[in-house]
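J.: Structure for the following, please:
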Amino acid sequence: MPQPSSAPPAAPPDGRERPVAHAADLVVFGGTGDLSMRKLLPALYHCDRDGRLAPDARIIAVSRGGLDDADFRGKVDAEVRPGLHAGDAAGWDRFLRRLHHVCADVPAGRDAPAHPGWGRLTRMLAGREDTGRVFYLASPPMTFGPFCRAADRAGLVTPRSRVVLEKPLGRDLAGARHINDEVGAIFGEHQIFRIDHYLGKETVQNLLVLRFANAFLEPIWNSLWIDHVQITAAESVGTPGRRGYYDHAGALRDMVQNHLLQLLCLVAMEPPSRNDREAIRDEKLKVLQSLRPISGTEAARFTVRGQYIAGRVDGRAVPGYLDEPDDTPPTDASRHVETFAAIRAEVKNWRWAGVPFYLRTGKRMPDRRSEIVVQFKDVPHSIFSGGVPNRLVLRLQPGEGIHLLIMAKEPGAGEVVPRPVPLSLSFADTFHARVPDAYERLLADVLAGDPTLFMRRDEVEAAWGWIDPIVATWESAGDLPEPYAAGTGGPVAAHELLGRSGRAWHEEDLP
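T.: Down below sits the predicted model:
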């Protein structure tokens with residue numbers, strides 16, 4: 001079988017050590033799907049270019065498509081390469097030679113015979129039991145257990161194997177436990193990597209450094225100095241072609257249960273005793289366990305759900321959720337699913353007592369923006385008029401960076417006019433380097449066996465334990481989500497959620 005051959009990348013010019021090159025077979029189930037073609041393969045190409053893959057490392061896509069290796073490489077060359085702007089022809093050829101394809105499917109039942117493709121996969125991996133082996137399940141959650149059982153029955157699971165699970169991990173606590181039990185019957189907890197790509201973003205990782213490697217922030221990172229925290233994940237896109245999935249999930253399950261709660265944990269967690277994978281995850285779990293439960297009548301006060309209707313985004317008319325083009329016609333579930341969710345959460349401990357955490361996510365918002373805003377309390381006594389409280393804005397996308405908004409005097413003679421100005425750190429501009437995609441960092445961590453930025457079983461189940469009562473209250477009420485026009489900032493009730501206490505969502509454009 002031909003192996004990639006080419007000189008490894010040169011050492012970084014800034015004197016850093018060359019990255020560790022991992023010898024591994026990475027088997028991607030759902031290897032020709034959207035996630036694989038749009039995110040995983042581009043990220044693996046960059047890992048290869050940066051020298052993180054050993055010369056004999058292989059990427060084996062498994063799907064139901066009847067492709068051979070040449071067909072799959074041609075597909076990747078046609079669909080992935082144009083978006084990479086890859087100028088390194090030799091590096092791209094080396095990457096293509098790593099790619100293989102196996103046509104296989106999961107058995108229809110526990111006792112059903114295995115698909116013939118599993119035999120070919122077994123032969124491909126034979127003799128490499130001592131090589132790192134990663135199974136990446138880029139497939140629907142209901143396939144996680146069957147895939148793991150099929151891999152085990154085929155003798156492919158070794159002590160050095162790891163399995164990566166994409167979100168969403170179920171759609172409630174019971175479903176998450178069922179999946180965890182099925183996968184956990186084959187793989188040990190130390191072998192399971194539950195991925196949340198938000199945790200691979202540079203800004204998220206820098207949040208830990210910002211908090212725990214700088215002396216000036218930690219003394220004021222508490223309820224004495226912080227008024228409230230906002231966490232937003234807004235998208236300008238809708239759900240064309242995805243109604244079948246979104247009817248089943250909705251914004252609360254799709255974004256809040258994983259992405260936004262993980263960001264909340266990193267903001268609110270106590271300083272870990274050491275930079276250790278389990279120490280950090282232990283502190284995140286404590287935050288989830290400290291969240292004030294929301295159910296019953298409190299759900300009406302502290303949560304908002306909405307669904308977008310026709311409007312204008314970026315100057316063009318777009319349809320509402322129920323009218324988006326899709327092979328799946330709208331159903332009663334479509335009418336009740338939320339494309340927007342906002343929550344006022346509280347962390348009930350000494351550090352954060354009385355500090356609200358506002359979580360917001362939505363489709364067809366005015367722009368694509370993910371950020372964490374920490375708003376500090378106002379000065380005890382202001383001698384100037386027109387001042388506003390300081391804010392720390394951690395922008396995840398677009399343009400990852402950190403912005404501290406402070407009050408400064410406008411230049412000019414005469415009256416002192418204070419206005420907020422940002423002290424800004426752009427990662428791309430400051431470090432003069434390409435900001436890696438989140439999947440690059442996380443895939444490199446999987447290859448290295450580092451689970452720090454991945455969710456542990458107890459974290460996932462604690463998050464579902466907090467979300468489930470909100471879902472149950474919404475479903476039992478039977479109300480329709482509040483409509484909001486596409487291209488606007490969400491339902492009126494979302495603004496009232498903050499407005500009742502004299503606060504407002506952060507909408508300011510930053511450099």
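
J.: Can you give me the distance of the closest residue in space to residue 303 that isn't next to it in sequence to residue 496?
T.: Spatially, and ignoring its direct neighbours in sequence, residue 303 is nearest to residue 343 (5.1 Å; CB to CB, 6 or more residues apart in numbering). To be clear about C-beta, it is placed using only N, CA and C from the backbone, and glycine gets the same treatment. Applying CB to CB, to the nearest Å, the value for residue 343 to residue 496 is 14 Å.

J.: who's more crowded, these two?
T.: Ranked by neighbour count (other CB atoms under 10 Å), residue 343 and residue 496 place residue 343 first, with 27 against 10.

J.: Quick check: mean pLDDT of the helix or strand where the more buried one lies?
T.: Taking DSSP states H and E as the definition, residue 343 sits inside strand 340-346. Strand 340-346 shows a mean pLDDT of 97.

J.: In terms of secondary structure, what does it contact?
T.: Counting contacts by 3 or more CB pairs under 8 Å, 6 or more residues apart in numbering; DSSP states H and E, strand 340-346 is packed against helix 243-251, helix 297-302, strand 303-309, strand 356-362, helix 492-499.

J.: And residue 87, what's its pLDDT?
T.: pLDDT, residue 87: 68.

J.: Which residue, neighbours along the chain excluded, lies closest to residue 318?
T.: Leaving aside its sequence neighbours, residue 318 sits nearest to residue 486 (CB to CB, 6+ apart; 4.9 Å).

J.: what about that neighbour, how many residues close to it?
T.: Neighbour count of residue 486, defined by other CB under 10 Å: 23.

J.: Look up how far residue 220 lies from it.
T.: Taken as CB to CB, the span from residue 486 to residue 220 is 39 Å.

J.: how about the residue lying closest to residue 212 once chain neighbours are set aside, what does it touch?
T.: Among residues not flanking residue 212 along the chain, residue 271 sits closest, at 5.6 Å (CB to CB, 6+ apart). By CB atoms under 8 Å, 6 or more residues apart in numbering, the contact list for residue 271 reads 211, 212, 218, 283.

J.: For those residues, which two are the farthest from each other?
T.: Distance extremes for the contacts of residue 271: the farthest pair is 218 and 283 at 13.7 Å, using CB to CB.

J.: Give me the domain ranges for the chain.
T.: 24-198, 201-499 (automatic domain parsing).

J.: Using JSON lines, please lay out these together with distance to residue 506.
T.: What follows is the domains of the chain, written out as JSON lines (distance: least, CB to CB, whole Å):
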{"stretch": "domain 24-198", "distance to residue 506": "18"}
{"stretch": "domain 201-499", "distance to residue 506": "4"}
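
J.: Can you give me the buried ones in the strand holding residue 343?
T.: By 16 or more other CB atoms under 10 Å, the buried positions in strand 340-346 come out as 340, 341, 342, 343, 344, 345, 346.

J.: so which of those residues comes closest to residue 279?
T.: residue 345 (23.8 Å).

J.: Chain neighbours aside, what residue packs nearest to the closest one?
T.: Nearest one to residue 345, counting by CB to CB, 6+ apart, is residue 357 at 4.4 Å.

J.: List the beta-bridge partners for the one you found.
T.: Note on residue 357: beta-bridge partners by DSSP bridges are residue 229, residue 345.

J.: Kindly provide the whole-number mean pLDDT of stretch 450-461.
T.: Averaged across stretch 450-461, the pLDDT comes to 92.

J.: ditto for stretch 100-118
T.: Throughout stretch 100-118, pLDDT has a mean value of 76.

J.: And that stretch, end to end?
T.: End-to-end distance of stretch 100-118: 14 Å, with CA to CA, to the nearest Å as the criterion.

J.: residue boundaries of the strands in the stretch 151-300 of the chain?
T.: 161-165, 192-194, 226-234 (DSSP state E, counting those that start in this stretch).
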